[in-house]
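Sequence first, predicted coordinates after that:
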Amino acid sequence: MPNYSNATIVGHLGRDAEVKAVGERSVIKFSVAVTRKVKDAESTTWWNVAYWTKSDKVASYLTKGTPVLVSGEPYLRDYDKKDGTKGQSLDLDAKEVKLLGGKQDGEAAPTPAPKKAAPVDDGESAPF
């Protein structure tokens with residue numbers, strides 16, 4: 001039987017993205033904070049994201065505080081902490097990364113694209 005897992009998260013970058021070249025591809029690594037609010041309490045889950053791509057151009061847009069949507073395969077990774085104890089990290093191999101939101105603080109709002117004129121209904125067009 002095949003196995004499959006997928007997670008989609010929406011949150012804010014916790015640090016600027018880092019790019020590493022691996023052969024002809026690049027891996028862009030960044031962390032995303034996803035905050036859950038329940039009544040008066042908040043809980044933040046940190047995800048470590050690895051995004052494999054042939055172009056590292058997107059990394060320049062992935063700066064601390066940027067809102068993003070990331071979708072991919074989640075997994076737990078074991079690691080050794082500095083104090084010698086064991087720890088686990090919640091990681092995501094991203095298949096899709098989308099920038100969300102509008103302007104960042106200090107930036108001008110994006111200029112909207114001009115609207116296209118609506119087609120003219122001459123009364124002779126097909127009804128479909």
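Cool, the structure landed.

Just checking, which helix or strand of this protein averages the lowest pLDDT?
strand 18-22 (a mean of 91; mean pLDDT, DSSP states H and E).

which residues of this structure fall in strands?
7-13, 18-22, 25-38, 41-53, 67-80, 86-99 (DSSP state E).

Convert the shortest one to CSV, retaining C-alpha atoms only.
As requested, the backbone C-alpha atoms of strand 18-22 are provided in CSV (Å, rounded to 0.1, in the frame of the first residue of the first chain):
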residue,chain,number,x,y,z
GLU,A,18,19.6,30.6,3.1
VAL,A,19,20.6,29.2,-0.3
LYS,A,20,22.9,26.3,-0.8
ALA,A,21,24.0,25.0,-4.2
VAL,A,22,23.8,21.2,-4.6
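
ok, residues contacting it?
For strand 18-22, contacts defined as CB atoms under 8 Å, 6 or more residues apart in numbering pick out 26, 27, 28, 29, 30, 56, 59. C-beta coordinates here come from the backbone N, C-alpha and C atoms, glycine included.

Let me see the contact set for the second one.
Spelled out, it's residue 27. Per CB under 8 Å, 6+ apart, neighbours of residue 27: 19, 20, 50, 51, 52, 53.

how many neighbours does the third one have?
For residue 50, the neighbour count with other CB atoms under 10 Å is 14.

Please apply the same query to the first one.
For residue 19, the number of neighbouring residues by other CB under 10 Å comes to 17.

most neighbours, which of the contacts of strand 18-22?
In these, the most neighbours by other CB under 10 Å go to residue 30, 25 neighbours.

List the beta-bridge partners for that residue.
Going by DSSP bridges, residue 30 is paired in beta bridges with residue 49.

Isn't it up against residue 11?
No. Counting by CB atoms under 8 Å, residue 30 sits too far from residue 11 to count as a contact (10.8 Å).

The residue nearest in space to the middle of the chain: what's it in contact with?
Geometric centre of the chain, nearest residue: residue 70, 3.4 Å, by CA atoms, centre = their mean. Residue 70 sits next to 8, 9, 10, 32, 47, 49, 51, 92, 94, 96, 97, 98 when contact means CB under 8 Å, 6+ apart.
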